[in-house]
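Peer 1: Attaching a predicted model along with its sequence, questions to come.
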Amino acid sequence: MTTDEVSEESFADAYKRLNEAEMAASHLERLLDQIESQIDSFAGDAEELAKMSKNSASETEDVDSKITDPASATATPTEGDESKD
């Protein structure tokens, strides 16, 4: 085998390995893109849940303050309850 034949064989082998590595890298990039997309989706869901939780907590505080603070409760007269002068 001549030096040129060995060189060509080595070059062909290196080229084959490079192509395999590029395919593996492309596959990994697709997987990472999918993972990133899922993370973004989870983050959006978590943000929405946090907003819902904050709103729910605010509504609960309003109800609690009306229950514990009798001055905040307003009684409206009903028919027949109105005093006659």
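Peer 2: That came through fine.
Peer 1: CA atoms for contacts and neighbours, from now on please.
Peer 2: Noted.
Peer 1: What ranges in this structure fall below the confidence cut-off?
Peer 2: 1-2, 4, 62-85 (pLDDT under 70).
Peer 1: go with 80
Peer 2: 1-6, 57-85 (pLDDT under 80).
Peer 1: burial of residue 13, as a residue count?
Peer 2: Look at residue 13: counted by other C-alpha atoms under 10 Å, it has 12 neighbours.
Peer 1: That should have said residue 11, apologies.
Peer 2: Per other C-alpha under 10 Å, the neighbour tally for residue 11 reads 12.
Peer 1: Same check on the one 3 residues further on?
Peer 2: The local packing of residue 14 (other C-alpha under 10 Å) involves 12 other residues.
Peer 1: do the same with the one 3 residues further on
Peer 2: Residue crowding around residue 17 was assessed by other C-alpha under 10 Å; the count is 12.
Peer 1: Spell out which helix or strand contains it, please.
Peer 2: helix 3-68 (DSSP states H and E).
Peer 1: who does that helix touch, helix- and strand-wise?
Peer 2: Contacting helix 3-68 under the criterion 3 or more C-alpha pairs under 8 Å, 6 or more residues apart in numbering; DSSP states H and E is no other helix or strand.
Peer 1: Which of the residues in stretch 18-34 are classified as buried?
Peer 2: For stretch 18-34, the neighbour count (16 or more other C-alpha atoms under 10 Å) marks no residue as buried.
Peer 1: what do you get for stretch 37-45?
Peer 2: So for stretch 37-45, nothing qualifies as buried (16+ other C-alpha under 10 Å).
Peer 1: Export stretch 18-35 to CSV, keeping only CA atoms.
Peer 2: What follows is stretch 18-35, C-alpha atoms only, in CSV (Å, rounded to 0.1, in the frame of the first residue of the first chain):
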residue,chain,number,x,y,z
LEU,A,18,-17.2,13.6,10.8
ASN,A,19,-20.5,13.0,9.1
GLU,A,20,-21.6,10.6,11.9
ALA,A,21,-20.6,13.2,14.5
GLU,A,22,-22.5,15.9,12.7
MET,A,23,-25.6,13.7,12.6
ALA,A,24,-25.3,13.0,16.3
ALA,A,25,-24.9,16.8,17.0
SER,A,26,-28.0,17.6,14.9
HIS,A,27,-30.0,15.0,16.8
LEU,A,28,-28.8,16.4,20.2
GLU,A,29,-29.7,20.0,19.0
ARG,A,30,-33.2,18.8,18.2
LEU,A,31,-33.5,17.2,21.6
LEU,A,32,-32.3,20.3,23.3
ASP,A,33,-34.8,22.4,21.3
GLN,A,34,-37.6,20.2,22.5
ILE,A,35,-36.4,20.4,26.1
